[in-house]
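Novice: Model the following, please.
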Amino acid sequence: MAGPRMTLPTQLVLHALLREPTRELYGLEICAAAGLRSGTIHPILARLEKAGWLRSRWEETDPSAAGRPRRRYYRLDPQGLAAAREALHRAETSAGALARLRPGLSGDAR
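Specialist: Numbers count the residues shown, from 1 in each chain. Predicted coordinates:
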């Protein structure tokens with residue numbers, strides 16, 4: 001299964017989804033958990049869904065009765081869960097290796 005680029009925002013979104021991997025989250029919950037804006041997370045969620053890592057669904061509610069727009073819920077599917085964990089592990093391993101090779105890049109002022 002091909003995966004998306006592991007940019008820092010993508011990693012933050014995946015970490016947010018992995019906190020409670022069986023729970024569905026809607027967009028604004030993911031924004032808050034990842035510390036990112038809606039305009040940043042929605043393209044990431046679309047890429048993760050296209051890669052087959054996520055499943056989404058629209059809630060079944062009447063927006064006028066709820067007094068808000070319908071929410072779209074997202075959850076990692078079982079294969080996506082394993083792929084996300086592996087991708088994050090690789091990204092963290094690569095970042096650690098880079099920091100050991102180039103200590104000044106990690107923000108240390110040695």
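Novice: residues touching the most centrally placed residue in the chain, list them.
Specialist: Centrality entry for the chain: nearest residue to the mean C-alpha point is residue 13, 2.2 Å, by C-alpha atoms, centre = their mean. Each residue near residue 13 by C-beta atoms under 8 Å, 6 or more residues apart in numbering is listed here: 30, 34, 36, 41, 44-45, 48. All C-beta spots, glycine's among them, are computed from the backbone N, C-alpha and C.
Novice: quick one: buried residues of the helix or strand containing it?
Specialist: Following DSSP states H and E, one finds residue 13 within helix 8-19. Across helix 8-19, burial judged by 16 or more other C-beta atoms under 10 Å covers 9-14, 16-17.
Novice: now stretch 70-79
Specialist: Quick answer for stretch 70-79 (16+ other C-beta under 10 Å): 71, 73-76.
Novice: Now the helix ranked longest in the chain: buried residues?
Specialist: Longest helix in the chain by number of residues (criterion: DSSP state H): helix 78-101. Neighbour counts over helix 78-101 (16+ other C-beta under 10 Å) mark 80-81, 83-84, 87-88, 91 as buried.
Novice: In CSV: those residues, plus distance to residue 61 and pLDDT.
Specialist: Formatted as CSV, the buried residues of helix 78-101 follow (distance: C-beta to C-beta, whole Å; pLDDT from 0 to 100):
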residue, distance to residue 61, pLDDT
80, 26, 91
81, 27, 93
83, 31, 93
84, 28, 93
87, 33, 92
88, 33, 92
91, 36, 86
